[in-house]
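# coordinates for the following, if possible.
(2 chains)
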Amino acid sequence: MTQSVVVQVGQCGNQVGCRFWDLALREHAHVNKKGLYDEALSSFFRNVDSRKCDGEAHFVGGRIQHLKARAVLVDMEEGVVNEILHGPLREMFDSTQLLTDVSGSGNNWAVGHMTYGSAYREQIVDKLRKAAEHCDCLQCFFLIHSMGGGTGSGLGTKVLSLLEEEFPEVCRIVTSIYPSAEDDVVTSPYNSILAMRELTEHADCVLPVENQSLVDIVKKIKHISDSGKPGTVIRRESAVISGQGGLIGAEKPFDAMNNIVANLLLNITSSARFEGSLNMDLNEIAMNLVPFPRLHYLVPSLTPLYTLADVSVPSRRLDQMFSDAFSKEHQLIRADPKHSLYLACALMVRGNVQVSDLRRNIERLKPSLPFVSWNQEGWKTGLCSVPPVGHSHSLLALANNTCVKTTFMELRERFTKLYRKKAHLHHYLHVEGMEQSHFSEALSSLSSLIEEYQQLDATKGRFMPDAPRLRIAR
Amino acid sequence: MSVVTVQLGQCGNQVGQQLLHSLLCDAQDGQRKELCTASRERFFHQDIHGELVARAVLIDMEPKVINQSISRAARSGMWRYGETSHFSQKQGSGNNWANGFCVHGPAHREVVEELVRREVERCDRLSGLLAMMSVAGGTGSGVGTYVTQCLRDVYPKSFILNHLTWPYGTGEVIVQNYNSVLTLAHLYKLSDAILVHENDTVHQICSQLLNIKHISFADVNSVIAHQLGSVLQPALTADSQGAYSRNPLGELVSALCCHPEFKLLSVSSIPQVPLASMAYSSFSWPSLLKHLRQMLISNSKMEEGIDWTVRPPAAAERSRSLTAGSFNTSLANVLILRGKDVYSAETGGFEDPALYSSWLSPQEAFSVWKSPVHFNKYEKSATLVSNSQALLRPLDSMVGGAWNMFASRAYIHQYTKFGISEEDFLDSFSSLEQVISSYKQLC
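Numbers count the residues shown, from 1 in each chain, chains lettered A, B, ... in the order given. You can find the predicted model right below:
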């Protein structure tokens, strides 16, 4: 059984991370009735005896003494981390896992990446190393951050390149929250594009999530639960936005949206933690979904978003769950994968679903989904027998689809609007180590990425003849 | 003589456990002392408490499946795996053949060889090694190929039979075609015979013949275990002189794989009915054999929906082409009959020279094994192990799919970073094109 370490950077990263730990505990508490520290728990938590001053870790199989999250929390402001440390999750983190400063990055990527990046380099590497040493077999680093700000975006991507440098063998899966067009940070396009270049070069997989999509999903769920129609009462803890049953009580504004991202992370790791008839490990995700090294942006979609509480209403058919996974409304970025080209697609199913149900649905949906010519059968599937809390089954779809190109193109447009006028540029160029060339290089990196997706898109719908086979002399 | 089973990867371990279980359940069913002794001796040894311990080694790069298989066996109360007969690591091969073959395989070579050596030394006489794996993933395929290579080095005179499970055509793993091509090309040089089950075919058997509504991998695995079991359970062969054969793998290999270019074996079994219907079904040898023969020549794996219009071509019409007609030419066949009145079964239909290629006489191409004792509760059952063109289409589409992907160089960077070069890919492609060409031209 392998372990993963979560690295949460910046305000958004830490808030999402916090929701993740809360929901992870809830999930394990639901499954682990005996209070034993089992393999599943050990993938994200250490078991520590806090009476001993050294806090020696206990081995798998014993009783749970004291769980500590395998995490590193980084923020250049103290607010969010302090809140965590005063909340019900405070026992899960000890001081060696935290790195904070006071003044923040001022929504400036350069400050985050260059200034803080170099000032705190040693400390960051040290804390990462400690977290890695506590793992028997470290498989993956999960980085959570936002793209629009200064710390998450700038320092977060610095951490990413440090991870590649110090732990090249360990997979890096990055969850990046992209700003919506109405983002209140004016310079978010600059921050995002500068960060994009780092993601393209240093991450193994990126799961882009757009704030706007999260907002839309939250609205949709609230609408259903408020509509008051009979048979539409949702089981509270089942909604993908719900933190019900977790430790943290009252819900705060971004909580609903952050819960969705937290659920995404839980589902991605489910097959690595729990058993099933067709296991899917984390290293299999990169292997199957990334045909070319730079094209590693995977569009996530989660279904179902909730289960109905009323048992007399027939539960949503399994097949509906599969159809929903490909609909526009369930994608976590604002894009329509059905109308773009699929390079590869992974379906991670949890709960009481059999291989025949999976196959039937793939057969059913395949004709309406355009796949690239050389990967017509490009499906990777995983079956995990443990469903998430409040559901009997769930599905996470990860698609390597050219529809991400629209998101990137929009981002580029917003960037160019500012860059043309050189608006706010001086804030960045004043930072030591930052030069104009960083901007132009980041822009050209993004443009060539878009171009690569464009080229693949151009093959869509075109009949591509099979490559002529080798001939054997007789 | 004993068979040592080496279970590799998730699939190999799941199927292997079910195979051993169904062999033992059948052997201990009712009063069949001779068969029981022979079967137990072949696949199990007795520990000091008299418990049956499988002659098997379980290998996987992550521990979950091995733990499951070991506990399932123990729960049966009838047999178990050896306590130290397994080896696993913490992290899997990531569906990457190169990771399995170039990294994990060599890293654990000594441990694995030691485990197999211990089982082999426990056998009074070794009949051969049965390696069980899938071709789509990373461990079964990559580590499995490496382990087969090691076994070939360490036991050059022993028979090695590889049992492969081919994945569903519509992907379980996206890079399954690459993994399959690399595995088959390498195994062809190492293995004595390659026995194949295809998930698609078995799935159809589950849905259409066994009427299972929600088919799980457990159902698929139990059909594979039944078919494979009916081949490996002891039987009386022409060479065994009235006793149960002591050389099953050797006899299978020499009956079917007389030419190094032709090693792909497929299995068909008849009847396959749901357990609930067995009480109401009656079988006759003529009917069973007639259906089985037609299944062979029309390349159908089930007794339903057989195309009865397919006939062996007249001598003059014989042509060398995949598409001309749907007649399935055989190189060799072994027919295994088990059950009541087995000695009265008329197998002449399988000796028709029209079924076979021209370079073996039907007497050399066809063998029959019999057992008067029924298998797995079927009053009468017949299994056919064929070396024929039956696997040509799936093999061709596997190689075609891989080649198309290779032409775009998609995913290649994932393999080259572990030490497999484009040259290696090309070598594998040419080996398999050679195999395809040989089978295509069989007439």
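
# where along the stretch 51-200 of chain A do the helices fall?
All helices of the stretch 51-200 of chain A, identified by DSSP state H, counting those that start in this stretch, fall at A:79-86, A:109-110, A:117-119, A:121-133, A:156-166, A:188-202.

# reformat those helices as a markdown table; add distance to chain B, mean pLDDT and mean neighbour count.
In this view, the C-beta of every residue, glycine as well, is placed from N, C-alpha and C. A markdown table is the format used below for the helices of the stretch 51-200 of chain A (distance: least, C-beta to the nearest C-beta, whole Å; pLDDT from 0 to 100; neighbours: other C-beta atoms under 10 Å in any protein chain shown):
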| stretch | distance to chain B | mean pLDDT | mean neighbour count |
| --- | --- | --- | --- |
| helix A:79-86 | 30 | 89 | 16 |
| helix A:109-110 | 29 | 94 | 30 |
| helix A:117-119 | 28 | 92 | 15 |
| helix A:121-133 | 14 | 94 | 15 |
| helix A:156-166 | 14 | 95 | 22 |
| helix A:188-202 | 14 | 95 | 24 |
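
# helix, strand or coil for the single nearest residue of the stretch 251-400 of chain B relative to chain A?
Proximity of the stretch 251-400 of chain B to chain A (C-beta to the nearest C-beta) peaks at B:G400, 6.5 Å away. Following DSSP: H, G, I helix; E, B strand; the rest coil, the label given to B:G400 is helix.

# who's in contact with it?
Contact analysis of B:G400 by C-beta atoms under 8 Å, 6 or more residues apart in numbering or on different chains lists A:466, A:469.

# check what pLDDT it gets.
Note for B:G400: predicted pLDDT of 93.

# ditto for B:A98
95.

# cool, and the one 4 residues further on?
Taken from the predicted model, the pLDDT recorded for B:C102 is 95.

# cool, B:M278 as well?
Looking at B:M278, its pLDDT stands at 81.

# surely it forms part of a strand?
No - per three-state DSSP, B:M278 lies outside any strand segment and is helix.

# ok, for it, nearest residue in space, not its chain neighbours?
Closest residue to B:M278 apart from its sequence neighbours, by C-beta to C-beta, 6 or more residues apart in numbering or on different chains: B:K377 at 6.3 Å.

# next, count neighbours for that neighbour.
12 (other C-beta atoms under 10 Å in any protein chain shown).

# for B:C11, which of the helices of the stretch 51-200 of chain A is the nearest?
Closest approach to B:C11 among the helices of the stretch 51-200 of chain A is made by helix A:121-133 (32.0 Å; C-beta to C-beta).

# and the angle from that closest one to helix A:156-166?
60 degrees (axes from the mean of the first three to the mean of the last three C-alpha atoms, to 10 degrees).

# quick one: list the elements packing against helix A:121-133.
If contacts are counted by 3 or more C-beta pairs under 8 Å, 6 or more residues apart in numbering or on different chains; DSSP states H and E, helix A:121-133 sits against strand A:3-9, strand A:71-75, strand A:98-100, helix A:156-166.

# which secondary structure elements does the host helix or strand of A:G13 contact?
In this assignment (DSSP states H and E), A:G13 forms part of helix A:10-31. With contacts defined as 3+ C-beta pairs under 8 Å, 6+ apart, helix A:10-31 has these neighbours: strand A:3-9, helix A:39-42, strand A:71-75, helix A:79-86, strand A:138-146, strand A:171-178, helix A:255-273.

# so how far is that helix from its chain's centroid?
Its chain's average C-alpha position is 13 Å from that of helix A:10-31, according to C-alpha atoms, centre = their mean, to the nearest Å.

# repeat that for stretch A:268-282.
Remark: stretch A:268-282 is offset 16 Å from the chain centroid, using C-alpha atoms, centre = their mean.

# and for stretch B:163-179?
Using C-alpha atoms, centre = their mean, the offset of stretch B:163-179 from its chain centre is 15 Å.

# next: stretch B:296-309.
20 Å.

# next, count neighbours for residue 93.
The chain I'm using is chain A. 19.

# I was after chain B.
Neighbourhood size, B:S93 [other C-beta under 10 Å]: 31.

# quick one, phi/psi of it?
In terms of degrees, to the nearest 10, the main-chain angles of B:S93 are phi -90, psi 0.

# what's the nearest residue to it if we skip its chain neighbours?
The shortest distance from B:S93 to any non-neighbouring residue, by C-beta to C-beta, 6+ apart, is to B:G138 (3.0 Å).

# the one you found contacts B:F101, correct?
No - between B:G138 and B:F101 there is no contact under C-beta atoms under 8 Å: 9.0 Å.

# now do stretch B:234-247: everything it contacts.
B:1, B:34-35, B:38-39, B:42, B:125, B:127, B:248, B:251, B:336, B:338, B:367-371.

# low pLDDT regions in the stretch 301-450 of chain A?
A:307-316 (pLDDT under 70).

# before we move on, which element is B:D200 in?
Residue-wise, B:D200 maps onto helix B:199-204 under DSSP H and E.

# need the next SSE after that helix, C-terminal direction.
Following helix B:199-204 toward the C-terminus (DSSP H and E): helix B:217-232.

# which parts of the stretch 351-474 of chain A are helices?
All helices of the stretch 351-474 of chain A, identified by DSSP H, counting those that start in this stretch, fall at A:355-365, A:404-420, A:425-429, A:436-458.

# for chain B, give me the ranges with low pLDDT.
Using pLDDT under 70, chain B drops low at B:314-325.

# which residues does B:E251 contact?
B:E251 neighbours (C-beta under 8 Å, 6+ apart): B:237, B:239, B:245, B:367, B:369.

# ok, A:P387 - contacts?
Counted by C-beta under 8 Å, 6+ apart, A:P387 has contacts A:350-352, A:393-394.

# check B:F159 too.
Going by C-beta under 8 Å, 6+ apart, B:F159 touches B:127-129, B:192-193, B:249-250, B:253.

# likewise for A:I260?
A:214, A:217-218, A:240-241, A:302, A:332.

# one more pass at 6 Å, please.
By C-beta atoms under 6 Å, 6 or more residues apart in numbering or on different chains, the contact set of A:I260 is A:214, A:240-241.

# of those, which belong to helices?
A:L214 (DSSP state H).

# count of residues packed around residue 107?
I'll assume chain A. 22.

# wrong one, I was asking about chain B
By the criterion of other C-beta under 10 Å, B:A107 has 13 neighbours.

# now swap in A:E451 and tell me
Neighbours of A:E451 using other C-beta under 10 Å come to 12.

# neighbours of A:G276, just the number please.
Using other C-beta under 10 Å, A:G276 has 21 other residues around it.

# thinking again about what came up before, and the helices and strands packed on helix A:10-31 as a markdown table, adding distance to B:I297?
Output for those, formatted as a markdown table (distance: least, C-beta to C-beta, whole Å):
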| stretch | distance to B:I297 |
| --- | --- |
| strand A:3-9 | 54 |
| helix A:39-42 | 51 |
| strand A:71-75 | 64 |
| helix A:79-86 | 71 |
| strand A:138-146 | 50 |
| strand A:171-178 | 50 |
| helix A:255-273 | 43 |
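
# any idea which of these scores lowest on pLDDT?
Among the helices and strands packed on helix A:10-31, helix A:39-42 carries the lowest mean pLDDT (a mean of 84).

# how distant is that helix from the center of its chain?
Offset of helix A:39-42 from its chain centre (C-alpha atoms, centre = their mean): 20 Å.

# would you mind identifying the next helix or strand past it?
Per DSSP H and E, the first helix or strand lying C-terminal to helix A:39-42 is strand A:45-47.

# and that following strand, what's its mean pLDDT?
Averaging pLDDT along strand A:45-47 gives 89.

# can you list the strands that that strand pairs with?
With DSSP bridges as the test, strand A:45-47 is paired with strand A:67-69 (antiparallel).

# follow-up on the earlier one: tilt between the helix holding A:G13 and helix A:79-86?
Using the same axes, to 10 degrees: helix A:10-31 against helix A:79-86 is 30 degrees.
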